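> sequence and predicted structure below; questions after.
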Amino acid sequence: MCPDNDRFSDTSFSGYSDPFPAYEEPELQLKVERFIEENALLERGSSVLVGLSGGADSVALLSILTGLAPRYGWTVRAAHFNHGIRGVGAEEDALFCRDLCEEKGVPFYLETADVPAYASENGLSIETAGRILRYEFLGRIKKKTGSARIAVAHHMNDNAESILLHLVRGSGLAGLTGMKPERDDIIRPLLAVSKKEIEDYLDEEGLLYRMDETNLIPEGSRNRMRLDVLPYLERHINPAIVPTLCSMSELLAQDEAYLSAEAKARYEAAKCEGGFLREPISLLPYPIKTRVIRMALAEAGAIVDIERVHVEAVAELLEARTGAKLTLPHIEAWISYDAIKFGDAKPMPPFETPLRKGLIVTPAGLFRAERLDGDDFERSRLICYMDLDKLEALGEPPVIRTRKDGDRFRPVGAPGRRKLKDYLIDRKVERKERDELPLIACGSEVLFVPGHAASETVMVEKGVTKRMLRVEYLGRPAESE
């Protein structure tokens with residue numbers, strides 16, 4: 001039977017919907033796309049590594065970025081970090097992330113670590129330890145893959161939680177400015193969307209995700225803020241508390257940017273090795289002074305657990321006498337004459353290592369020693385040239401070590417020997433640095449103090465010296481790479 005051709009004419013469809021409608025991008029994807037463009041988070045043709053936990057937020061982030069990738073020429077990769085906390089549940093999270101990435105054709109990277117052990121060894125909270133190790137892992141994978149950015153799934157609610165946490169901890173104006181769309185090589189494409197928008201997107205797209213049951217336990221400051229405080233504020237104080245806090249943070253960020261720029265200029269002018277000069281900072285207005293202190297602490301490595309009370313304590317320490325010190329989370333501050341210094345709170349133990357030819361590794365840094373003929377040498381506070389005949393005449397094998405009681409030193413050009421301690425005090429070397437300074441010595445005779453002077457005892461003499469030992473201090477391993 002022949003079909004009725006009139007049924008298939010163009011006009012016959014006027015009362016019907018298109019059986020093959022054009023694809024409409026999800027509203028959330030369009031919103032995130034605008035946010036990425038407005039903040040220049042990803043350039044066309046670049047690559048991005050997604051921190052993928054398997055939870056709702058990171059699954060949404062991966063889905064949105066892979067949806068936008070063809071239009072912008074992005075290469076999307078994903079990395080999952082297993083914290084070693086939740087046992088079988090964590091293993092299932094990792095398998096879920098692997099399968100999701102395989103389904104989307106996204107390269108996947110996985111690492112497992114014992115976060116509780118790391119936290120215990122370093123005196124950190126589980127939350128802080130996990131954050132440190134997770135970002136260290138993401139940074140390594142970024143470098144390994146040549147990715148341009150690391151994308152994390154922080155959203156508007158996370159930002160509000162952080163603002164409130166900083167507020168109750170008294171961290172100052174900088175903490176109240178909240179999260180930024182971009183920090184170094186880390187971007188937050190979801191920062192302008194709420195948790196509810198993310199959940200609605202996942203429902204509309206039919207996307208599965210994993211639920212971390214530890215996020216539902218009201219333990220830890222962030223979980224309590226998420227589960228108890230913010231919901232209470234929404235119900236009883238302000239239904240729009242999340243966008244209100246985020247809007248406030250944007251306004252405060254402008255004030256903080258101005259004050260921080262002023263503080264940075266003052267800090268750079270007062271900086272010295274290991275800290276900053278006390279007098280110019282002590283005279284500053286308090287809001288600028290405290291920002292300088294925070295900058296110095298961050299530069300010294302105290303990037304976690306620093307609160308307002310610690311900054312105030314350092315501000316008071318500025319007026320103390322030489323030798324006064326203050327123990328802070330993960331770091332120590334002390335007064336050294338006209339400066340305040342910052343360093344590791346764990347002192348380096350005494351050591352002694354034989355001086356030999358070649359590269360020598362010590363707890364205080366690297367040395368390199370080589371034998372040379374003749375008497376021609378270059379002058380440097382980090383290089384010592386010793387007359388080998390004079391050295392051998394001392395009768396004891398030379399060593400690299402930390403100082404001991406009874407050490408004597410005769411710097412080149414000095415009229416005689418003196419106590420090493422007195423020499424270092426005259427040069428305004430503070431106690432902590434004196435205790436950790438590497439020396440070259442034969443018995444109690446100090447032959448070389450790197451960064452300061454060599455000894456007259458083994459000095460090379462023009463026309464007299466036939467054989468030399470050249471010893472160079474290369475610094476600590478991190479400084480030598």
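All right, it came through fine.
> quick check: which element contains Arg368?
strand 365-373 (DSSP states H and E).
> what does that strand contact?
Where contact means C-beta atoms under 8 Å, 6 or more residues apart in numbering, the residues beyond strand 365-373 that reach it are 355-360, 385, 388, 400, 438, 466-477, 479-480. All C-beta spots, glycine's among them, are computed from the backbone N, C-alpha and C.
> again, but for stretch 340-354
Taking C-beta under 8 Å, 6+ apart as the rule, stretch 340-354 contacts 274-276, 278, 281, 296-297, 300-302, 314, 317-318, 327-328, 330-335, 360, 362-364, 397-402, 404, 430, 432, 435-436.
> mean confidence for that stretch?
Average pLDDT, stretch 340-354: 84.
> and the contacts of strand 365-373, which of them are buried?
Buried subset of those (neighbour count, 16 or more other C-beta atoms under 10 Å): 355, 360, 385, 388, 400, 438, 467-475.
> which stretches of this structure have low pLDDT?
1-23, 214, 216, 303-305, 345-347, 476-481 (pLDDT under 70).
> switch the cut-off to 50
1-18, 20, 477-481 (pLDDT under 50).
> care to break it down by domain?
Following automatic domain parsing, one finds the domains of the chain at 27-243, 273-346, 352-480.
> now render those domains as JSON lines, adding distance to Ala265.
Formatted as JSON lines, those follow (distance: least, C-beta to C-beta, whole Å):
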{"stretch": "domain 27-243", "distance to Ala265": "17"}
{"stretch": "domain 273-346", "distance to Ala265": "9"}
{"stretch": "domain 352-480", "distance to Ala265": "26"}
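> who wins for proximity to Lys264 among those?
Lys264 lies closest to domain 273-346 among those, at 6.6 Å (C-beta to C-beta).
> now do the same contact list for Ala324.
By C-beta under 8 Å, 6+ apart, the neighbours of Ala324 are Leu317, Trp334, Ile335.
> filter those residues down to the ones in helices?
Leu317 (DSSP state H).
> which among the contacts of Ala324 gets closest to Gly139?
Checking the contacts of Ala324 one by one against Gly139 (C-beta to C-beta), the nearest turns out to be Trp334, at 31.2 Å.
> bridging residues for the closest one?
Following DSSP bridges, Trp334 is listed with bridge partners Lys325, Lys341.
> and the residue nearest to Arg226 when sequence neighbours are not counted, what element?
Nearest residue to Arg226, sequence neighbours excluded (C-beta to C-beta, 6 or more residues apart in numbering): Glu161, at 5.7 Å. Using DSSP H and E, Glu161 falls within helix 156-169.
> biggest helix in this structure by residues?
Counting by DSSP H, the longest helix found in the chain is helix 241-270.
> can you pull out the strands in the stretch 301-450 of the chain?
325-328, 331-336, 339-343, 352-354, 358-362, 365-373, 383-387, 399-401, 408-409, 418-419, 439-442, 445-449 (DSSP state E, counting those that start in this stretch).
> indicate each strand paired with the longest one and its parallel or antiparallel sense.
So that's strand 365-373. Short version: by DSSP bridges, strand 365-373 pairs with strand 358-362 (antiparallel), strand 467-475 (antiparallel).
> turn these into TSV, columns for distance to Lys195.
Formatted as TSV, these follow (distance: least, C-beta to C-beta, whole Å):
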stretch	distance to Lys195
strand 358-362	50
strand 467-475	48
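> do you know which of those lies nearest Leu42?
strand 467-475 (37.9 Å).
> and the angle for that closest one with strand 383-387?
160 degrees (axes from the mean of the first three to the mean of the last three C-alpha atoms, to 10 degrees).
> run the chain-centre distance for strand 467-475.
On the basis of C-alpha atoms, centre = their mean, to the nearest Å, strand 467-475 sits 34 Å off its chain's mean C-alpha point.
> how big is the angle separating that strand from strand 445-449?
Using the same axes, to 10 degrees: strand 467-475 against strand 445-449 is 60 degrees.
> residues in contact with strand 467-475?
So strand 467-475 is contacted by 355, 365-375, 377, 380, 382-389, 391, 438, 440, 448, 450-451, 460, 480 (C-beta under 8 Å, 6+ apart).
> sort out which of these are buried, if you could.
355, 365-367, 369, 375, 377, 383-388, 391, 438, 440, 448, 450-451, 460.
> any idea how many residues pack against Asn215?
12 (other C-beta atoms under 10 Å).
> ok, it touching Asn223?
Yes - with contact defined as C-beta atoms under 8 Å, Asn215 counts as touching Asn223 (6.5 Å).
> one step back: what angle separates the helix holding Glu161 from helix 241-270?
60 degrees.
> return the list of helices and strands in contact with helix 156-169.
Helices and strands touching helix 156-169, as assessed by 3 or more C-beta pairs under 8 Å, 6 or more residues apart in numbering; DSSP states H and E, comprise helix 173-176, helix 221-224, helix 230-236, helix 241-270.
> still on that earlier bit, of the buried ones among the contacts of strand 365-373, which is the nearest to Ala69?
Gly475 (44.0 Å).
> mind checking the SS state of Gln86?
If you look again at residue 86, you'll see it is Arg, not Gln. coil (DSSP: H, G, I helix; E, B strand; the rest coil).
> so it is in contact with Asp212, correct?
Yes - here Arg86 reaches Asp212: they are 7.4 Å apart, a contact under C-beta under 8 Å.
> between those two, which has more neighbouring residues?
Neighbours were tallied for Arg86 and for Asp212 using other C-beta under 10 Å; the higher tally belongs to Asp212 (17 against 14).
> burial check on the nearest residue to the more buried one once chain neighbours are set aside, number of neighbours?
Among residues not flanking Asp212 along the chain, Gly55 sits closest, at 5.9 Å (C-beta to C-beta, 6+ apart). Neighbourhood size, Gly55 [other C-beta under 10 Å]: 18.
> what sits against Gly55?
Gly55 neighbours (C-beta under 8 Å, 6+ apart): Ala153, Tyr209, Arg210, Met211, Asp212, Asn215.
> counting only helices, which of those make the cut?
The helices, defined by DSSP H, take in nothing from the contacts of Gly55.
> and the two most separated of the residues you listed?
Ala153 and Met211 (14.7 Å).
> more crowded one of those two?
Ala153 (23 against 12).
> beta partners for Pro354?
Bridge pairing for Pro354 - DSSP bridges - gives Val399.
> re the thing from before, how many neighbours does the residue nearest to Arg226 have?
Glu161 - counted by other C-beta under 10 Å - has 23 other residues nearby.
> correct me, but it touches Ser221?
No - using C-beta under 8 Å, Glu161 makes no contact with Ser221, being 9.3 Å away.
> now the strands for the stretch 1-150 of the chain?
Using DSSP E, counting those that start in this stretch, strands in the stretch 1-150 of the chain cover 47-51, 75-82, 108-112, 149-151.
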